[in-house]
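> Whatever this is, show me its structure:
(one chain, ligands or ions: 1)
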Amino acid sequence: MTLASLRRGYQVVRTLLHYGLDDVLPPSLTPWYVRAARMSLFWVRNKHKDKCGGERLKLAMQELGPVYIKFGQMLSTRRDLLSDEWAEELAMLQDRVPPFDAALARSAIEAELGAPIDSLFDDFDDTPLASASISQVHTATLKSNGKAVVLKVLRPNVEEKVHADLELMLQVATWVDRLLGSGNRLRPVEVVEDYQNTILGELNLKLEALNAIKLKANFEGSDALYIPYVYESLCHPRLMVMERIEGIPVSDIEALNAQGTNLKLLAERGVELFFTQVFRDNFFHADMHPGNIFISREHPENPYYIGLDCGIMGSLNEEDKRYLAENFLAFFNRDYHRIAQLYVESGWVSSNTDILAFEQAVKLVCEPMFNKPLNEISFGHVLLELFRTARRFDIVVQPQLVLLEKTLLYIEGLGRQLYPQLDLWQTAKPFLERWMAEQVGPKAMFKKVQTNLPFWSDKLPEFPELIYDNLKLGRKLLGTQQQMLDRYLKYQQKAHKSNFLLISSAVLLICGTILFAQTDTLWLAAACLGAGAIVWLAGWRSRPKNRKF
Ligand SMILES: Nc1ncnc2c1ncn2[C@@H]1O[C@H](COP(=O)(O)OP(=O)(O)OP(=O)(O)O)[C@@H](O)[C@H]1O
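Next up is the predicted model:
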């Protein structure tokens, strides 16, 4: 551990103590030596006794900066680990921070472009349009085409700060992992590593630009989502230049109502967008908080979304996707047994789980949902409640699904805000059923054959040779197997013989010892002991030596 991480570690602990977060630790984690170290190294008192634990953690993370803010946001989706109160507080973490000096922004932009701003842009505005913990956004006009653009530039030295914090987090996670032992299923190192991949992606604006280009291509011609045009040649790791969009922030319901936006259609399109990105494209925007989503001002009766900030994108493997879709469908059909089965099949809970007990627990979570009015049912919470239930049954934490949960919660919150009567089930179910049919039906089989056709036509001429080689190999293998079997049988015979001799020698030696105690049978005792020794020697020498077959 470097001196810088030690110093940062000290600062982090000080901030946590300042918010009295040591009070919430169970006494088993604060033995006398920890309390003594706290008293002698950190002279801080909890100055926020009036606030609840979740709020104190939120404030501490806000003070600690971008890495902790985003980590807190991610943790807020882990209701399988945190209580509702803590998760809700963490979900409120905001990373709006005071802007940094425009002169610094200008020099950072020019360093990336390798040219003065004025040579490429007109009307560069020194007052930022927005300023977040990782970057700052300025407006300008592109000289070459006269179009309005925004320049998103990273904060000075943000990479060093993020890397130092991540190093420390990983170190702590490794300690926690060791402390919890090999059997723990929380996998803190994996959680931090997963988070690390996410936040490091945000630090590279070139990557964000490429993500935006890919997402835009996936939704070309769509009437549901618009992604601003990215000027790829002007994008660099610390700078991104893109079309400036004019839209209404999705959280501004008043403005949306004022222009007569069709909110029902908009909410339904939100759900459709989520499922299309996850299931059709396997490339989903995983940072869909309201600050990143705007609504078109054009044709409000047929509104579309405008998506910004493609720094965090998610994808699931084929198995997870299939499992997830089946899980949702089983839930729609109230097939709790299937849900329980799916958890075991996908390896989320151990195969030793009592399926019937788990099914009952799942039923307890899901059934009350169906008795509620639709606008009170939360899709995301059902999933989270299922995770929490599964935790009692030894759940394995699935980092790849954390992003998805977070996205689902955002989408749902959004849909509910736009159109509270939104019938999530009716909107999502046909989509999922269609997707499942495409995955398992004859159409899916035909598609798979079609996809693999070039591969097979390429390999076909090699078939006769391959068959001949395999037959030869098979014959050789058969011979080898026969030899192995023979060797194994010989080994067993030897082992039996040796065991028989050793046991017999033991019997003879015991008898000899007993006879030795009676003076009139001394010659018999000597004979038994002698025979025992000879038989033992024979047994020992005849034992099989080579265990390799
Ligand atoms: N193309 C654009 N057109 C107009 N405004 C934009 C554009 N891109 C970004 N903004 C404005 O800048 C704000 C911050 O942008 P963005 O979300 O990309 O930054 P960020 O640093 O990644 O923030 P966060 O991580 O908190 O989402 C947006 O909420 C929006 O108001």
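
> The longest helix along the chain - what's its average pLDDT?
In the chain, with assignment by DSSP state H, the single longest helix is helix 463-516. The predicted model assigns helix 463-516 a mean pLDDT of 82.

> just checking, what packs against it?
helix 522-541 (3 or more Cβ pairs under 8 Å, 6 or more residues apart in numbering; DSSP states H and E). Where you see a C-beta, it was placed from the backbone N, CA and C, and this is true even at glycine.

> can you give me the angle the helix it packs on makes with helix 463-516?
Counting by axes from the mean of the first three to the mean of the last three Cα atoms, to 10 degrees, helix 522-541 lies at 170 degrees to helix 463-516.

> Show me what helix 522-541 is packed up against.
Using 3+ Cβ pairs under 8 Å, 6+ apart: helix 522-541 touches helix 463-516.

> Which residues does stretch 241-252 contact?
With Cβ atoms under 8 Å, 6 or more residues apart in numbering as the test, stretch 241-252 has contacts from 139, 142, 147-152, 209, 212, 226, 228-231, 234-235, 255-256, 259, 261, 290-291, 293-297, 305-306, 308, 414, 417-418.

> Filter the residues you listed down to just the ones in helices.
The members of the contacts of stretch 241-252 that map onto helices under DSSP H are A209, A212, A255, L256, L414, Q417, L418.

> Between these, which sits nearest the ligand?
Ranked by distance to the ligand (Cβ to the nearest ligand atom), these are led by A212 at 9.4 Å.

> Do I have it right that that closest one meets C310?
Yes. Contact between A212 and C310 holds when scored by Cβ atoms under 8 Å: they sit 4.3 Å apart.

> circling back to that earlier point, filter the contacts of stretch 241-252 down to the buried ones.
139, 142, 149-152, 209, 212, 226, 228-231, 234-235, 256, 261, 291, 293-297, 305-306, 308, 414, 417-418 (16 or more other Cβ atoms under 10 Å).

> Show me what the one helix or strand S107 maps to is packed up against.
Using DSSP states H and E, S107 sits within helix 102-113. Using 3+ Cβ pairs under 8 Å, 6+ apart, the elements in contact with helix 102-113 are helix 117-120, strand 135-142, strand 148-154, strand 239-243.

> and the residue nearest to S315 when sequence neighbours are not counted, what does it touch?
Nearest non-adjacent residue to S315, counting by Cβ to Cβ, 6 or more residues apart in numbering: N282, 4.9 Å away. When the contact criterion is Cβ under 8 Å, 6+ apart, the partners of N282 are S315, L316, K321.

> next structured bit after the helix or strand hosting the last one?
Using DSSP H and E, K321 sits within helix 318-332. If you walk from helix 318-332 toward the C-terminus, the next helix or strand you reach (DSSP H and E) is helix 336-345.

> hang on, isn't F284 packed against Y410?
No. At 10.9 Å, F284 does not count as touching Y410 under the criterion of Cβ under 8 Å.

> now the helices and strands packed on helix 102-113 as TSV including distance to G270 and mean pLDDT?
Output for the helices and strands packed on helix 102-113, formatted as TSV (distance: least, Cβ to Cβ, whole Å; pLDDT from 0 to 100):
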stretch	distance to G270	mean pLDDT
helix 117-120	36	96
strand 135-142	24	96
strand 148-154	24	97
strand 239-243	22	97
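
> Output those as CSV; include the columns distance to C52.
Shown next, in CSV, are the helices and strands packed on helix 102-113 (distance: least, Cβ to Cβ, whole Å):
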stretch, distance to C52
helix 117-120, 47
strand 135-142, 32
strand 148-154, 35
strand 239-243, 39
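
> Okay, the closest residue to Q136 other than its chain neighbours and W43: tell me how far apart.
Nearest residue to Q136 in three dimensions, chain neighbours excluded: P128, at 4.8 Å (Cβ to Cβ, 6+ apart). For P128, the distance to W43 (Cβ to Cβ, to the nearest Å) stands at 38 Å.

> SS state for I248?
Secondary structure assignment for I248 (DSSP: H, G, I helix; E, B strand; the rest coil): strand.

> quick one on the thing from earlier: output those of the contacts of stretch 241-252 also counted as contacts of the ligand.
Residues of these in contact with the ligand (Cβ under 6 Å from any ligand atom): V150, K152, P228, G291, L308.

> Is it correct that the first one is in contact with H138?
This means V150. Yes. Counting by Cβ under 8 Å, H138 is a contact partner of V150 at 6.8 Å.

> Check the contact lists of the two and give me the overlap.
Contacts common to V150 and H138, judged by Cβ under 8 Å, 6+ apart, are L129.

> Show the contacting residues for the residue in the stretch 301-450 of the chain that the ligand sits nearest to.
Here the residue of the stretch 301-450 of the chain nearest the ligand is D309; by Cβ to the nearest ligand atom that distance is 3.5 Å. Contacts for D309 (Cβ under 8 Å, 6+ apart) come out as E208, D287, G291, N292.

> Select, from the residues you listed, the two members most distant in space.
Greatest spatial distance in these: E208 and G291, 15.1 Å, computed using Cβ to Cβ.

> Phi first, then psi, for P98.
phi -60, psi 140 (degrees, to the nearest 10).

> Please, which helix or strand holds the nearest residue to it once chain neighbours are set aside?
Using Cβ to Cβ, 6+ apart and skipping residues adjacent in sequence, the residue nearest P98 is S131, 6.8 Å away. Assigned by DSSP H and E, S131 belongs to strand 130-131.

> Regarding V44, which helix or strand does it belong to?
V44 belongs to no helix or strand, assigned by DSSP H and E.

> pretty sure it is touching R14, no?
Yes. In this structure, V44 is within contact of R14 by Cβ under 8 Å, at 6.0 Å.

> you'd agree K47 is in a strand?
No. Read with three-state DSSP, K47 is coil and lies in no strand.

> What values do phi and psi take at it?
The phi/psi pair for K47 (degrees, to the nearest 10) reads phi -100, psi 10.

> show me the residues around it that make contact.
Contacts of K47 (Cβ under 8 Å, 6+ apart): H18, Y19, G20.

> if we go to 7 Å?
H18 (Cβ atoms under 7 Å, 6 or more residues apart in numbering).

> who in the stretch 151-300 of the chain is up against the ligand?
Close to the ligand, as judged by Cβ under 6 Å from any ligand atom, the stretch 151-300 of the chain has residues K152, P228, M242, R244, I245, G291, N292.

> and what of the chain?
95, 129-130, 132, 134-135, 137, 150, 152, 228, 242, 244-245, 291-292, 308-309, 311.

> what stretches of the stretch 251-400 of the chain score poorly on pLDDT?
Scanning the stretch 251-400 of the chain with the threshold set as pLDDT under 70 gives 348-351, 369-381, 383-384, 386-388, 390-392, 394-400.

> Need the nearest residue in space to L234, chain neighbours excluded.
Per Cβ to Cβ, 6+ apart, closest to L234 is V241, 4.0 Å.

> Give the bridge partners for that neighbour, please.
L151 (DSSP bridges).

> what helix or strand is Y410 on?
helix 399-418.

> Identify each buried residue in the helix or strand that that helix is followed by, please.
As assigned by DSSP H and E, the chain's next helix or strand after helix 399-418 is helix 424-440. Buried positions in helix 424-440, judged by neighbour count with 16+ other Cβ under 10 Å: L424, W425, T427, A428, K429, F431, L432, W435, M436, Q439.

> and those as a markdown table, adding pLDDT and distance to H163?
Shown next, in a markdown table, are those (pLDDT from 0 to 100; distance: Cβ to Cβ, whole Å):
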| residue | pLDDT | distance to H163 |
| --- | --- | --- |
| L424 | 72 | 40 |
| W425 | 71 | 44 |
| T427 | 80 | 42 |
| A428 | 79 | 40 |
| K429 | 78 | 45 |
| F431 | 81 | 41 |
| L432 | 77 | 41 |
| W435 | 78 | 40 |
| M436 | 75 | 43 |
| Q439 | 72 | 41 |
